[in-house]
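1. I'd like to go over a predicted model; first the sequence, then the structure.
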Amino acid sequence: MNEREQFAPPPPPPPPAAGDKPEREREFGATSRRTVLAGAAWTIPAVLITTTASAAAASTTLALAFDQSSYSGQACATITGAQVTATRNGVPSAGESVTVTLSGGYTFAGGATTWSGVSTAGGTLTVPAITVPTVPSTQTIVAMSGLASATSSLTGTASSVVGKEAMGLVLQATYSPLPADAVAVGGWYFLTPGGDLYAGTTHIASNVSSAVGNQTDVHGAYVNFVEGGVAKLANAASVVTTYSLVPNDVTAVGGWFFLSSSGELFAGNTSVAKQVSSARGSMTDANGAQANFMQPGGGREIKGTAITASYDSVPADAVAVGGWYFLTPGGDLYAGNSPLASGVSSASGNATDVSGAMVNFMDHGVPKVANGANVTNTYPAMPSGTKAVGGWFFLTPTGDLYAGSTPLVSNVSSAAGGMTDTNGARINFVQNAAC
């Protein structure tokens, strides 16, 4: 080989065949199989690691639970022995800091409503004694630790009670003793959950499923009730009428009106309307029994056995609350066909002989009274949950009974009032003995 032949450049590579890509493009252009496999080799373990970490985190999530779904005690006494258990993945967990919170008047020692503790080796912590308020209601007890929480309920029963009656701001009568679980139903009548009906302290009926009473100026207190499926009417402590033609599935709704489970409304023994969804009545001295009620076509008003007015503009979902007043679930209060207020949480009305219809109600937390379609009195705002209970009376969730803006009594568990022409607002109520 001569010198020229020895250093001659190599021949050029043959041109690529049709469809082939140059070597450089094959190596660096599109993603190669080698690159895909290499990426896959790293991606799969990453997914596995993430999944395993998430499972590990979930397995150690803290869970709390009370040992009972509810706890009960007597007013002014204590509830003891409530426990909370802390677990992780079903295994008791020690050293967990837990805060327990009470509401509705239930307290720990010294009046505190919160308490914190740490779980033992068995994962439990025992809650300190809980004092039941004078006027006990069903409330929620909450345990929390970080994002974990648990709830249970607290209930109580009254230790001893007295029944009372008031006219305006003046207490008129005290009725003692009464059963500790008695509830005021209007007039001077009280009904126990077991069905015992009292006129003051006088037992007038047993096996009573419903009762509604009210006061009048001249003829005193009336109550209609259902005793063992039989509809009856009492004046003072005496049963004056038994309505034998009324079905045994009726509910007393005030006055001498009874509403059957099928929606048939009775005025005494007389069927006066069907397809009735709600009704509320009362007695007056001159006009006798009066009520308002709802049918598919709107609201109605009745005196005795005669329908005296129809209010077709009242929404179909409204509920009769007495007098000529109707309240929708959305809080719209109607006086006949006229919108009276919105944002109403409770209302209680009745008719009178001279002054017409009157209602008291809670409007966005503000207590008010109306006569006809006009608001006549507005009182200072009251605590959330305050209810209109008839007349010009309002009952707070903690048991404070107000006559207008004036505090009347405390520790009240139930109350039912109304308006009269001469004597104004009347009410009866149950007052628990103070702790």
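-> Perfect, I can see it now.

2. can we go C-alpha only for contacts and neighbour counts from here?
-> Will do.

3. Please give the element, helix or strand, for the residue positioned nearest the centre of the chain.
-> Residue closest to the average C-alpha location in the chain (C-alpha atoms, centre = their mean): Gly385, at 9.3 Å. For Gly385, there is no host helix or strand (DSSP states H and E).

4. Quick one: residues contacting the residue nearest to it when sequence neighbours are not counted.
-> Excluding the flanking residues, the one nearest Gly385 by C-alpha to C-alpha, 6 or more residues apart in numbering is Pro397, at 5.8 Å. By C-alpha atoms under 8 Å, 6 or more residues apart in numbering, Pro397 lies in contact with 104, 383-386.

5. One more: Glu264?
-> So Glu264 contacts 271-276 (C-alpha under 8 Å, 6+ apart).

6. Check it and give its pLDDT.
-> Here, the pLDDT recorded for Glu264 equals 98.

7. now it: how far from Gly297?
-> Separation of Glu264 from Gly297 (C-alpha to C-alpha, to the nearest Å) stands at 15 Å.

8. One more: Leu265?
-> In this view, Leu265 and Gly297 are 15 Å apart by C-alpha to C-alpha.

9. again, but for Asn235
-> From Asn235 to Gly297 the distance is 34 Å (C-alpha to C-alpha).

10. When these two are compared, which one has more neighbours?
-> Neighbours per residue, other C-alpha atoms under 10 Å: of Asn235 and Gly297, the larger number sits with Asn235, 18 against 14.

11. Return the set of residues that bridge with the more buried one.
-> Asn235 has these beta-bridge partners by DSSP bridges: Tyr222, Ser238.

12. Contact partners for it?
-> Contacts were defined as C-alpha under 8 Å, 6+ apart; by that measure Asn235 touches 219-223.

13. Could you do Lys387 as well?
-> 345-347, 361-362, 394-396.

14. Same check on Leu64?
-> Counting by C-alpha under 8 Å, 6+ apart, Leu64 has contacts 84-87, 143-144, 148-150.

15. same check, this time on Ala415
-> Contacts of Ala415 by C-alpha under 8 Å, 6+ apart are 183-186, 389, 395, 427-430.

16. Tell me which stretches of the chain form helices.
-> With DSSP state H, the ranges of helices along the chain come out as 3-6, 23-28, 33-59.

17. before we move on, the earlier item: quickly note the distance from the residue nearest to Gly385 to Thr107.
-> 16 Å.

18. now Val359
-> Val359 sits 36 Å away from Thr107, going by C-alpha to C-alpha.

19. Mind checking which of these two has more residues around it?
-> Each of Val359 and Thr107 has its neighbours counted (other C-alpha under 10 Å); Val359 has more, 29 against 21.

20. What's opposite the more buried one in the beta bridge?
-> Val359 forms beta bridges with Gly349, Ala370, as assigned by DSSP bridges.

21. what's near enough to touch it?
-> Residues in contact with Val359, defined by C-alpha under 8 Å, 6+ apart, are 322-323, 325, 347-350, 369-371, 390-391.

22. Filter the residues you listed down to the buried ones.
-> Listed as buried from those are 322-323, 325, 347-350, 369-371, 390-391; burial here means 16 or more other C-alpha atoms under 10 Å.

23. for those residues, which one is nearest Cys435?
-> Distance to Cys435, by C-alpha to C-alpha, is smallest for Gly390 among those, at 27.8 Å.

24. Flag the shaky bits of this protein, pLDDT-wise.
-> Where the chain drops to pLDDT under 70, the residues are 1-59.

25. Would you map out the domains in it?
-> Domain assignment for the chain by automatic domain parsing gives 62-157, 161-432.

26. hey, which of the ones you listed is tucked in deepest?
-> Comparing the domains of the chain by mean neighbour count (mean count of other C-alpha atoms under 10 Å), domain 161-432 comes out on top with a mean of 21.

27. and the end-to-end length of it?
-> From its first residue to its last, domain 161-432 covers 4 Å (C-alpha to C-alpha).

28. so how far is it off the chain centroid?
-> In terms of C-alpha atoms, centre = their mean, to the nearest Å, the centre of domain 161-432 is set 20 Å apart from its chain centre.
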